[in-house]
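1. below: sequence and its predicted model.
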2 protein chains.
Amino acid sequence: MSTRQRRRVTIADVARHAGVSTTAVSKVLRSAYGVSPAMRDRVRAAIDELGYRPRAAARAMRGRTYTIGVLLPDLRNPFFPDILDGLYEQLAATDYQAIIVTGGPDAKAESRAIDALVDRQVDGLLMVAPRVARARLEEVAGQVPAVVLGLHEKSARYDTVLDDDEVGAELVVGHLIGLGHRRIAHIGQRAVGRGRAAATLHEIRAATYARVMREQGLEGEIAVALTSYSEEGGYQGARELLARSPRPTAIFAGADQAAFGALTALHEAGLSVPADVSLAGYDNTRLAGLSQISLTSVDQDGGVMGRTAGRLLLERVEGRRSAVRFSVTPTLVPRRSTAPPPDSVA
Amino acid sequence: MSTRQRRRVTIADVARHAGVSTTAVSKVLRSAYGVSPAMRDRVRAAIDELGYRPRAAARAMRGRTYTIGVLLPDLRNPFFPDILDGLYEQLAATDYQAIIVTGGPDAKAESRAIDALVDRQVDGLLMVAPRVARARLEEVAGQVPAVVLGLHEKSARYDTVLDDDEVGAELVVGHLIGLGHRRIAHIGQRAVGRGRAAATLHEIRAATYARVMREQGLEGEIAVALTSYSEEGGYQGARELLARSPRPTAIFAGADQAAFGALTALHEAGLSVPADVSLAGYDNTRLAGLSQISLTSVDQDGGVMGRTAGRLLLERVEGRRSAVRFSVTPTLVPRRSTAPPPDSVA
DNA sequence: GAACGCGTGGGTAACGTTACCCGAATCGGC
DNA sequence: GCCGATTCGGGTAACGTTACCCACGCGTTC
């Protein structure tokens, strides 16, 4: 019973048991060319009998790890599972296994997390909304096939999958203006040392908000709180915005997660949604659809994004070098959290 | 610039650059015995200059991977990030990196996910609420140091970290009875082929619910819907329970996630919470605290559980063989989703 | 002053898998 | 019935790192 001690069964054991060479076993494992059906069956039988499983490390020494690394900023954003479901669906038919690491709070920690994946020789790397500098992404993409999700920067080294955040933000702000709002505020994510290029999804959302406001002659009403796309960030941002005078009649949170935090702040301030303040989010996470919350949000098809990212990654692993850019057009999902402003003449 | 093609820098490159042997470099890397301060500095300098990073696969061939594998049933349960924060905190001071895989819908898929981690020779394995059979867990624990979180089974092969689900369920049912409820229903998770032993956390919660009901002379009021600890499962479960006549005045969902789904079902049925039906969950996820939801729930300190799991895992990696069992006592967090039943005489 | 011990550094053989190459056998075409 | 082509199987050398051992030189002890 002391399985711990017993040496794990290797390709040599299988070869001996089947009475063939290790080369033959290896060929069967990889379904490589030059092996007869009889040989295949014999080896397969030996593999099953011995319960043999190839060691990833030994394979990695010679080539593939059959591993796809996924970098997530955190595990709390309920939008990420949608992406991953799409990725899993794409990988299901292959021998590849996805492993997830989280990037942590700052660019430095995230960079270490990326290193950890590169050290483990993942065959492909999916980086979701990375915070590290563009140069770092290029460097990583030089070492391993990479797809970046959620960054608007163009690159010749990696593929990009993104939501058209400009359209999404336009939809939200347009919707609020259409309802009669003028004092529309925005909760965004503070940029952290990625240089000047406005390329992250939160920067695009914030910039588009400001642009639409200006285009509608509401330049003077622009009010932005930059915190983070998290519950805590939304809470702080909303508190900051509500403290202003006059206070906004609508808040566009750059992410549902932040909108949830804003809900708490609004409640604490004794304000009701949407009677006193309208609130909209982004991502259309499942919780947004809950009747008690019923949050107006922007739907970006995470499943499609994840599937596409997976497909692009597999293509890159197979050798494609040209860079692809895939964009999903989002749609607005109006719910009960947005309504005409309180003093509107309907 | 063609970094992709350039061979990655190895220990031999560092040795050459520093004018020492590869053995010496290896010793410095592992801070092993038998290396002078001068040697150490020289090698460190060479490492920095060349930007050397050890390859995990090559290390794995000789021993450790410095990787901790984490198996999660899914990514949507907001309780899991709390656990992982605790684990990360524990690992932060070490060289270990956590990688996450998800188990998928059934025991078979989960078993494959576990295999994937074992194949990658993780130094330790944390399995959160695993669905696979006990024998499988024992087998895995025989191959790699393992900690199981959320299962009440005892084992001599792996450590166990759990919440005292019996206390938790008692708190909820007691709370509801104290409010005057009698027709209290439960939404649980359907057991999937783990044999007869009632050891999963959902089985304990369901069994305790039934026990307390019986103890309070409410045996005739027992009503259970077995679906799954997910939004969809909660939705289906609540619909099933609400279709009964007379319908329950309170629902105890075995997980907040399921309670969220139940909320939708209640809303669709035109019932308000808590005026018509009281609702309680389990896990005290962040969303439960949202004022719009304000869900009565049971708090089990996920951070402590994660930290403990991490500590136990590290101890096991260091050689401990005895099995440890760590239990956290939960507390009730009453919120506005529970109140006396509608026809109570207060 | 010889013997011993200790501190320090290096040589080398694994670890398990695959890619490359080569040889043997079989087959088809004239 | 011979020759080239094709198919099938095996031998072997890596891949990068570490554990084990040995060698050398210096200081200490009788």
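-> Cool, got the structure.

2. which bits of chain A sit near DNA strand C?
-> By C-beta under 7 Å from any atom of the strand, the part of chain A that sits against DNA strand C consists of A:7-8, A:10-12, A:22-23, A:25-26, A:29-30, A:32, A:52, A:54-55, A:58-59, A:61-63. All C-beta spots, glycine's among them, are computed from the backbone N, C-alpha and C.

3. can you rerun that using 10 Å?
-> In this structure, chain A approaches DNA strand C at residues A:7-15, A:21-30, A:32-34, A:52-64, A:66, judged by C-beta under 10 Å from any atom of the strand.

4. restricted to helices, list those residues.
-> Among the residues of chain A next to DNA strand C, the members falling in helices (DSSP state H) are A:11-15, A:22-29, A:56-62.

5. mind checking which of those residues are buried?
-> Listed as buried from those are A:11, A:13-15, A:24-29, A:56-57, A:59-60; burial here means 16 or more other C-beta atoms under 10 Å in any protein chain shown.

6. how about the helices of chain A, start to end?
-> Assigned by DSSP H, the helices in chain A fall at A:11-18, A:22-29, A:37-50, A:56-62, A:80-91, A:107-119, A:134-143, A:165-178, A:201-215, A:231-242, A:256-268, A:302-317.

7. which of these sits closest to B:S228?
-> Among the helices of chain A, the nearest to B:S228 by C-beta to C-beta is helix A:80-91 (15.1 Å).

8. relative to helix B:107-119, how tilted is that closest one?
-> For helix A:80-91 against helix B:107-119, the angle by axes from the mean of the first three to the mean of the last three C-alpha atoms, to 10 degrees is 90 degrees.

9. do helix A:80-91 and chain B meet?
-> Yes - judged by C-beta under 8 Å from any C-beta of the partner chain, helix A:80-91 and chain B are in contact via A:F80, A:P81, A:L84, A:Y88.

10. for PyMOL, write the select line for the buried members of those.
-> Of those, the buried ones go into a single PyMOL selection, burial set by 16+ other C-beta under 10 Å:
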select buried, chain A and resi 80+81+84+88
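
11. need the residues of helix A:80-91 next to chain B in CSV with pLDDT, can you?
-> Compiled in CSV, the residues of helix A:80-91 next to chain B are given as follows (pLDDT from 0 to 100):
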residue, pLDDT
A:F80, 95
A:P81, 95
A:L84, 97
A:Y88, 96
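
12. for the residues of helix A:80-91 next to chain B, which one is nearest B:M213?
-> Ranked by distance to B:M213 (C-beta to C-beta), these are led by A:P81 at 34.6 Å.

13. for the closest residue to the closest one other than its chain neighbours, what are its contacts?
-> In space, A:P81 comes closest to B:L75 once its chain neighbours are excluded; the distance is 4.2 Å by C-beta to C-beta, 6 or more residues apart in numbering or on different chains. B:L75 makes contact with A:L75, A:F80, A:P81, A:L84, A:I100, B:T102, according to C-beta atoms under 8 Å, 6 or more residues apart in numbering or on different chains.

14. domain parsing for chain A?
-> With domains defined by automatic domain parsing, chain A comprises A:11-54, A:67-163+A:301-330, A:165-300.

15. what about the longest one, near chain B?
-> The reference is to domain A:165-300. Yes - Domain A:165-300 reaches chain B (C-beta under 8 Å from any C-beta) through A:231, A:260, A:263-264, A:267-268, A:273, A:286-287, A:289-293.

16. got the domains of chain A as JSON lines, with distance to B:A255 columns?
-> Formatted as JSON lines, those follow (distance: least, C-beta to C-beta, whole Å):
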{"stretch": "domain A:11-54", "distance to B:A255": "34"}
{"stretch": "domain A:67-163+A:301-330", "distance to B:A255": "15"}
{"stretch": "domain A:165-300", "distance to B:A255": "14"}
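
17. how about these, which one is nearest B:A129?
-> Of all the domains of chain A, domain A:67-163+A:301-330 sits nearest to B:A129, with 15.4 Å by C-beta to C-beta.

18. ends of the closest one, how far apart?
-> By C-alpha to C-alpha, to the nearest Å, the extent of domain A:67-163+A:301-330 from end to end equals 31 Å.

19. do it and DNA strand D meet?
-> Yes - on the criterion C-beta under 10 Å from any atom of the strand, domain A:67-163+A:301-330 is in touch with DNA strand D at A:D119, A:Q121.

20. what separates that domain from the chain centre, distance-wise?
-> 8 Å (C-alpha atoms, centre = their mean, to the nearest Å).

21. cool, and stretch A:211-221?
-> 30 Å.

22. mind listing what's buried in that stretch?
-> By neighbour count, with 16+ other C-beta under 10 Å as the criterion, the buried positions of stretch A:211-221 are A:V212, A:M213, A:L218, A:E221.

23. related to what we said a few turns ago, just the residues of chain A next to DNA strand C that are near DNA strand D?
-> Among the residues of chain A next to DNA strand C, proximity to DNA strand D is found for A:11-12, A:15, A:21-28, A:32-34, A:57-63 (C-beta under 10 Å from any atom of the strand).

24. next, count neighbours for A:M39.
-> The number of residues packed near A:M39 is 16, by other C-beta atoms under 10 Å in any protein chain shown.

25. just checking, it touches A:S21?
-> No - counting by C-beta atoms under 8 Å, A:M39 stays clear of A:S21, with 10.2 Å between them.

26. between the buried ones among the ones in helices among the residues of chain A next to DNA strand C, which is nearest B:L332?
-> Nearest to B:L332 among these: A:A56, at 45.0 Å, using C-beta to C-beta.

27. for A:D74, what are its contacts?
-> The contact partners of A:D74, taken as C-beta under 8 Å, 6+ apart, are A:T102, A:G103, A:S230, B:P81.

28. redo that, cut-off 7 Å
-> By C-beta atoms under 7 Å, 6 or more residues apart in numbering or on different chains, the contact list for A:D74 reads A:T102.

29. ditto for A:P145
-> A:G124, A:L125, A:L313, A:R316, A:V317 are the contacts of A:P145 under C-beta under 7 Å, 6+ apart.

30. residue nearest the centroid of chain A?
-> Closest to where the C-alpha atoms of chain A average out (C-alpha atoms, centre = their mean) is A:V128, at 3.8 Å.

31. just to revisit the earlier point, can you tell me which of the contacts of B:L75 is nearest B:A207?
-> Within these, proximity to B:A207 (C-beta to C-beta) peaks at B:T102, which comes in at 27.3 Å.

32. and the closest one, how close does it get to B:R239?
-> Distance check for B:T102 against B:R239: by C-beta to C-beta, to the nearest Å, it reads 27 Å.

33. next: A:A275.
-> As judged by C-beta to C-beta, A:A275 and B:R239 stand 30 Å apart.

34. those two: which has the busier surroundings?
-> The neighbour comparison of A:A275 against B:R239 (other C-beta under 10 Å) goes to B:R239, with 18 against 10.

35. leaving out the residues flanking it, which one is nearest to that one?
-> Excluding the flanking residues, the one nearest B:R239 by C-beta to C-beta, 6+ apart is B:A265, at 4.8 Å.

36. surely that neighbour meets B:Y235?
-> Yes - with contact defined as C-beta atoms under 7 Å, B:A265 counts as touching B:Y235 (4.9 Å).

37. where does pLDDT dip in chain A?
-> Low-confidence segments of chain A (pLDDT under 70): A:1-6, A:193-198, A:344-346.

38. who's in contact with A:L117?
-> A:G69, A:L71, A:V101, A:L125.

39. kindly apply the preceding question to A:V9 instead.
-> So A:V9 contacts A:L50, A:G51, A:Y52 (C-beta under 7 Å, 6+ apart).

40. who wins for neighbours among those residues?
-> Among the contacts of A:V9, A:Y52 has the most neighbours (other C-beta under 10 Å), with 19 neighbours.

41. shouldn't that residue be in contact with A:R16?
-> No - if you go by C-beta under 7 Å, A:Y52 and A:R16 don't touch, sitting 11.4 Å apart.

42. burial of the closest residue to A:A156 other than its chain neighbours, as a residue count?
-> Distances taken as C-beta to C-beta, 6+ apart place A:A323 nearest to A:A156, at 5.0 Å, with adjacent residues excluded. Other residues within reach of A:A323, judged by other C-beta under 10 Å, total 16.

43. okay then, goodbye and thanks.
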